[in-house]
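Participant: here are the coordinates; sequence isn't available:
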Ligand code: DX5
Ligand code: ZN
């Protein structure tokens, strides 16, 4: 697990000063995670494509739209046009998943899939060739601030094997309850991309301190995996 990425979720931002918060988290981010909810697939409502368009210029980091909406295929073009480099859909909400993934790629974006905690990896086994990004939910989608479901770690490990078997560089992202206290275990299970929401905004030291702690825990996980300090891995420099 190298090249770990932090993807702040702005779901827990202060909506009264959203532009500022987007800028603040994006400054610490490798990519920005935007949670799109429709009040049907999940019991909450959030951002439409116009919102993303309005804050897209706040940062040059790539944006990913996590579509927690029914029939996501109806909205793909609008989220890509709004500036999302990756569009992530739920197979539980898209009857013809293969077609949906093709459509995301056809629009020029990376095709992502997110799996609810109960959804088996089997749901995507036969469409791996059409997937550019895989997200394993570590909470039930709908709200920020929920507790990390550690029971997902064997699933993350299975997903890692499935990705490695493709020989392609597909990010394996975890989303929900990720904080300095859980990020190491998710990384050890095989994740390399980490959505961090409420932990960022609740950290007493602020956003930068939270990201620094997350990166320190990630480094420890990488060192533990390699069985040697990172300085040795880097040739003693
Ligand atoms: C949950 C969302 C998550 C959420 C993460 O439905 O998909 O991205 O914002 O927030 P935390 O980190 O607070 O669990
Ligand atoms: Zn999300």
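Facilitator: Perfect, thanks for sending it. Keep in mind the model is a prediction, meaning the values are calculated, not measured. Ligands and ions are numbered 1, 2, ... in the order given.

Participant: quick one: the helix or strand harbouring residue 113 near ligand 1?
Facilitator: Assigned by DSSP states H and E, residue 113 belongs to strand 110-115. No: using CB under 6 Å from any ligand atom, strand 110-115 stays clear of ligand 1, coming no nearer than 7.7 Å. To be clear about C-beta, it is placed using only N, CA and C from the backbone, and glycine gets the same treatment.

Participant: Distance from the chain centre to that strand, please.
Facilitator: Between the centre of strand 110-115 and the centre of its chain there are 9 Å (CA atoms, centre = their mean, to the nearest Å).

Participant: Counting by contacts, list what whichever helix or strand comes after it packs against.
Facilitator: Sequence-wise, the next helix or strand downstream of strand 110-115 (DSSP H and E) is helix 122-125. Packing partners of helix 122-125 (3 or more CB pairs under 8 Å, 6 or more residues apart in numbering; DSSP states H and E): strand 110-115.

Participant: Rounded mean pLDDT for the strand it packs on, please.
Facilitator: Across strand 110-115, the average pLDDT comes to 99.

Participant: Also stretch 229-237?
Facilitator: Stretch 229-237 carries an average pLDDT of 56.

Participant: One more: stretch 198-206?
Facilitator: Rounded mean pLDDT across stretch 198-206 is 96.

Participant: And stretch 3-10, by the same measure?
Facilitator: Averaged across stretch 3-10, the pLDDT comes to 96.

Participant: Run through who's touching that stretch.
Facilitator: 18, 21-22, 25-26, 28-35, 64, 66, 144, 171, 173, 175, 187, 192-197, 200, 207, 211, 214-215, 218, 222 (CB atoms under 8 Å, 6 or more residues apart in numbering).

Participant: what's residue 194 in contact with, if anything?
Facilitator: 4-7, 173-174, 178, 183, 186-187, 214, 218.

Participant: Partner strands of the helix or strand hosting it, with direction?
Facilitator: Taking DSSP H and E as the criterion, residue 194 maps to strand 193-196. Partners of strand 193-196 in the sheet, by DSSP bridges, are strand 5-8 (parallel), strand 172-175 (parallel).

Participant: Remind me what the helix or strand where residue 185 lies packs against, helices and strands.
Facilitator: Per DSSP H and E: residue 185 is located in helix 183-189. Contacts defined by 3+ CB pairs under 8 Å, 6+ apart place helix 183-189 against helix 153-166, strand 193-196, helix 207-226.

Participant: Kindly report the residues of the protein close to ligand 1.
Facilitator: Contact residues (CB under 6 Å from any ligand atom) of the chain with ligand 1: 9, 11-12, 33, 35, 66, 139, 141-146, 175-178, 195-199.

Participant: Which ChimeraX command selects the buried ones in those residues?
Facilitator: Here is the ChimeraX command that selects the buried residues among the residues of the chain next to ligand 1 (16 or more other CB atoms under 10 Å):
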select :9,11,12,33,35,66,139,141,142,143,144,175,176,177,178,195,196,197,198,199
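
Participant: which residue does the protein bring closest to ligand 2?
Facilitator: Nearest residue of the chain to ligand 2: residue 66, at 3.8 Å (CB to the ion).

Participant: Now the phi/psi pair for that residue, please.
Facilitator: phi -100, psi 100 (degrees, to the nearest 10).

Participant: what does this protein put close to ligand 2?
Facilitator: Counting by CB under 5 Å from the ion, the chain comes close to ligand 2 at 35, 66, 175.

Participant: between the residues you listed, which is nearest residue 159?
Facilitator: Relative to residue 159, the closest of the residues of the chain next to ligand 2 is residue 175; by CB to CB it sits at 12.7 Å.

Participant: how far does stretch 166-175 stretch from start to finish?
Facilitator: Stretch 166-175 has an end-to-end distance of 22 Å (criterion: CA to CA, to the nearest Å).
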